[in-house]
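>>> below: sequence and its predicted model.
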Amino acid sequence: MAKAIMVQGTMSNAGKSLLAAGLCRIFKQDGYRVAPFKSQNMALNSYITEEGLEMGRAQVMQAEAAGIAPSVLMNPILLKPTNDVGSQVIVNGEVLGTMSARDYFQYKKKLVPEVMKAYETLATRNDIIVIEGAGSPAEINLKEEDIVNMGMAKRAGAPVLLVGDIDRGGVFAQLIGTVELLEEDERAMVKGLIINKFRGDKTILDPGVEMLEQRSGIPVVGVAPYLQIQVEDEDSLTERFSRKDTVGLIDIAVIRVPRISNFTDFNPLETIPGVSLRYVKYPGELKNPDMIILPGTKNTMEDLQWMRESGMEAAVLKEASRGKLIFGICGGYQMLGEQLSDPFQVEAGGTLRGMGLLPMDTVFARSKTRTRVHGRFRSFSGELEPLSGVELEGYEIHMGESVLKGEAQPATEISDQVSGSRKPDGAYRNNVCGTYVHGIFDRESVVEAVLTILGKKKGVDISEMTGMDFAAFKETQYDILAAELRRHLDMKKIYEILEQGI
């Protein structure tokens, strides 16, 4: 069985996912077979495996760092919030149902066998498992029947590295307070502390580190710097949303709907020199973009209602009438149609008028479409012509089916990699295009075609903006992450902790 080490945090967004990915990369570079694991993940960013199963995006990122294919074994439980008090519960990649927070809290102990089966399968195939916790292990109201923090560490026999976020302040109180709120046996499992996201002169921090070790009795195994690297974020706490980038030669605005999902679709666009990608929440922030993207959402109808009430819909329609390129993905694509119907109350129920930019209607179904696809854009005329015939790949995750009407034409022709069937997808009309395919911008050729369209409209030379291999770029980012962590973490001590276990 593999040896295990667990990364827990003092709070959400302390940097657990990134540090776990960095450890995966380091162990891989050192010649070990390593895999990530997170028993329960709550996020709207998900991914579809080659088998057509759904898992959290953070473990996909960590699997990439480990140099292996993503598997639902790495994330047996995924919670996708549907509102403030309930989530869709996905077990082993398939939808179990939708539960309130209270119902799930009472039910989750029944899922322990599934969690351990997934973990033990991974452990028989690898030398090291890097386990990630969720939130904080000191949530004293949630510790009963814990399956994701100390409860998981005990089941896996995994020593714990506890991570605090100095960037948000109070890191010493974070770490000491968390340790103090643990039970005695849990405290004994914490073998190392990490201060994360540090900026500045470390010599000024050193006295605090010394006092932290004295007060906790636990060694500080590193002070990790604030890293400006581009890998995929897990959830809505991402700093991408609050980033105030200057407008580039090509400016792309993503509408930040309240229940935005799979915003990792747009990461490739952020890597291009001369292109600004901005997440826009209010009409006044829209400014004068060259392209507007309506992203995926966990609740299309409620987010469309928000667009209408906030004035964002009117702002987008105005830009569409001015000839701006409007691109919708999944829920964003559904919004672009004429009508959305929810007869089975998959979302809010009832019927809602769409934005009317594409002649199509969407009906929400009880079953979820969940598959990987590949294909190509169809032949376009007019300004979208550069997309004609361009190959694409990605995945579908949606509950609705859209039916085209009138002069609407499908945007793509795709093959379902799970069933092998072929089908049309999406729709386009004039300067508006939509698709159900997530990850569509991962292909360099798709990005180049989109930039060609935008460059022609604006009179901008995009020749220096293209040629980015996004997969190769991500590999460089994982290597940078590993190199920085080797510099700032005591890897000798971490290996000792891994060997000694608990």
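Arrived safely. Residues are numbered from 1 along each chain as shown.

>>> helices along the stretch 51-200 of the chain, start to end?
57-66, 101-107, 112-125, 150-156, 171-181, 184-189 (DSSP state H, counting those that start in this stretch).

>>> and the ones you listed, which one is worst for confidence?
Lowest mean pLDDT within these: helix 101-107, at a mean of 93.

>>> in that helix, what's buried?
residue 104 (16 or more other C-beta atoms under 10 Å). Where you see a C-beta, it was placed from the backbone N, CA and C, and this is true even at glycine.

>>> what's it packed up against?
Applying 3 or more C-beta pairs under 8 Å, 6 or more residues apart in numbering; DSSP states H and E, one finds that helix 101-107 contacts strand 86-91.

>>> that older thread, what's the most buried one of the helices of the stretch 51-200 of the chain?
Highest mean neighbour count of the helices of the stretch 51-200 of the chain: helix 57-66, a mean of 26 (counted as mean count of other C-beta atoms under 10 Å).

>>> buried sites along the longest strand along the chain?
Taking DSSP state E as the criterion, the chain has its longest strand at strand 360-377. Residues of strand 360-377 classed as buried by neighbour count (16+ other C-beta under 10 Å): 360-364, 368-373, 375-377.

>>> likewise stretch 335-354?
In stretch 335-354, counting by 16+ other C-beta under 10 Å, buried: 335-338, 340, 342, 346-348, 352, 354.

>>> okay, and which of those residues map to helices?
Among these, DSSP state H puts residue 335 in helices.

>>> in strands, which of the buried residues of stretch 335-354 fall?
Using DSSP E, those in strands are 340, 342, 352.

>>> contact partners for the first one?
Same thing as residue 340. 300-301, 304, 334, 351-352, 354, 361-364, 400 (C-beta atoms under 8 Å, 6 or more residues apart in numbering).

>>> redo those as CSV? Include pLDDT and distance to residue 284.
Putting those into CSV (pLDDT from 0 to 100; distance: C-beta to C-beta, whole Å) gives the following:
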residue, pLDDT, distance to residue 284
300, 96, 24
301, 96, 25
304, 98, 20
334, 98, 26
351, 97, 31
352, 97, 25
354, 98, 24
361, 98, 32
362, 97, 29
363, 97, 34
364, 96, 32
400, 90, 31
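
>>> which other residues reach stretch 114-125?
Outside of stretch 114-125, the residues within contact range by C-beta under 8 Å, 6+ apart are 1-2, 4, 33, 35, 37, 39-40, 71-74, 76-77, 91-92, 129, 147, 152, 155-156.

>>> restrict it to CA atoms and write it as PDB.
Written as PDB, here are the backbone C-alpha positions of stretch 114-125 (Å, rounded to 0.1, in the frame of the first residue of the first chain):
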ATOM      1  CA  GLU A 114     -17.200   4.300  -1.100                       C
ATOM      2  CA  VAL A 115     -14.500   6.700   0.000                       C
ATOM      3  CA  MET A 116     -12.300   4.000   1.400                       C
ATOM      4  CA  LYS A 117     -12.800   1.700  -1.600                       C
ATOM      5  CA  ALA A 118     -11.600   4.500  -3.900                       C
ATOM      6  CA  TYR A 119      -8.700   5.400  -1.600                       C
ATOM      7  CA  GLU A 120      -7.500   1.800  -1.200                       C
ATOM      8  CA  THR A 121      -7.700   1.200  -4.900                       C
ATOM      9  CA  LEU A 122      -5.400   4.200  -5.500                       C
ATOM     10  CA  ALA A 123      -3.100   3.100  -2.700                       C
ATOM     11  CA  THR A 124      -2.500  -0.300  -4.300                       C
ATOM     12  CA  ARG A 125      -1.500   1.400  -7.600                       C
END
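
>>> off-centre distance for that stretch?
Computed by C-alpha atoms, centre = their mean, to the nearest Å, the chain-centroid distance of stretch 114-125 equals 23 Å.

>>> next, count neighbours for residue 140.
If you count neighbours by other C-beta atoms under 10 Å, residue 140 ends up with 10.

>>> where does the protein have low pLDDT?
Within the chain, the stretches with pLDDT under 70 are 233-245, 467-468.

>>> where do the domain boundaries of it fall?
When the chain is parsed with automatic domain parsing, its domains come out as 3-231+475-500, 250-464.

>>> longest helix of the protein?
From DSSP H, the single longest helix across the chain is helix 470-488.
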